[in-house]
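Colleague: generate coordinates for the sequence data below:
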Amino acid sequence: MFVNLFRGSKHNPSIFGIKRCGLEDWGSLVIYCVICILLSWWAIRTVKWEQKLKIKHGGGLADSDVNLTGGPLVKLVSMSFVGGWVSGALGLGGGSIFNPLLLSMGCPPQVASATGMYMIIFSTGASSMTYIIEGQLDIAYGVWVGGFNVVGTLLGMFLLNTIMKKLGRKSPLVILLSFILGISAVAVPIFGL
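Modeller: Now for the predicted structure:
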């Protein structure tokens, strides 16, 4: 989405004056990809360093922390790339891809869900900024829908926590995440057609 601010289209010119499919367009795309790769490398390196310190000093490392070495690291990075590509290309929510990935790597359901919500903040923010810049966002409507989303989220979290405490297990959250993933798998192709 961010790259689309630089690139334009025939009907929607770039705000920076970069011609679509020109040398500057491809250059900005390459620079963007390099920045993404460097930030990913830096983040992995930092987390691995923090994990080594936690292990060395014997504290702060939870049982559910993903060990970023070997197979888990390759799985996390490759599935994140594929998940990001599929989310962007098909318009799927990132949570429908990353939540099952994190659950399969041993993350508790609450951590997987919270991580998915954290990632969505950035992609939604970037999309919203793009639409605001393009003048295609009805802000009053967005605030109205956003208000209902906040109320629904708080109510849903309260109910889910109450159910999990009453049952003494985390399975309701896993079942809910699986149900949402199933609905997404069926609804996206239907609405896409």
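
Colleague: tell me how many other residues crowd residue 103.
Modeller: Other residues near residue 103 number 18, with proximity taken as other CB atoms under 10 Å. C-beta coordinates here come from the backbone N, C-alpha and C atoms, glycine included.

Colleague: and the closest residue to it other than its chain neighbours, what pLDDT?
Modeller: Of all residues not flanking residue 103 in the chain, residue 112 sits nearest, at 5.2 Å (CB to CB, 6 or more residues apart in numbering). Turning to residue 112, the model gives it a pLDDT of 80.

Colleague: quick check: the gap between residue 112 and residue 99.
Modeller: The spacing between residue 112 and residue 99, counted by CB to CB, to the nearest Å, is 5 Å.

Colleague: between those two, which contacts overlap?
Modeller: By CB atoms under 8 Å, 6 or more residues apart in numbering, residue 112 and residue 99 have these common neighbours: residue 177.

Colleague: what's the spacing between residue 100 and residue 114?
Modeller: 15 Å.

Colleague: more neighbours: the two, which one.
Modeller: residue 100 (18 against 13).

Colleague: was I right about the more buried one contacting residue 181?
Modeller: Yes - because the distance of 6.3 Å satisfies CB atoms under 8 Å, residue 100 is recorded as touching residue 181.

Colleague: quick revisit: for the residue nearest to residue 103, give its distance to residue 190.
Modeller: Relative to residue 190, residue 112 is positioned 26 Å away (CB to CB).
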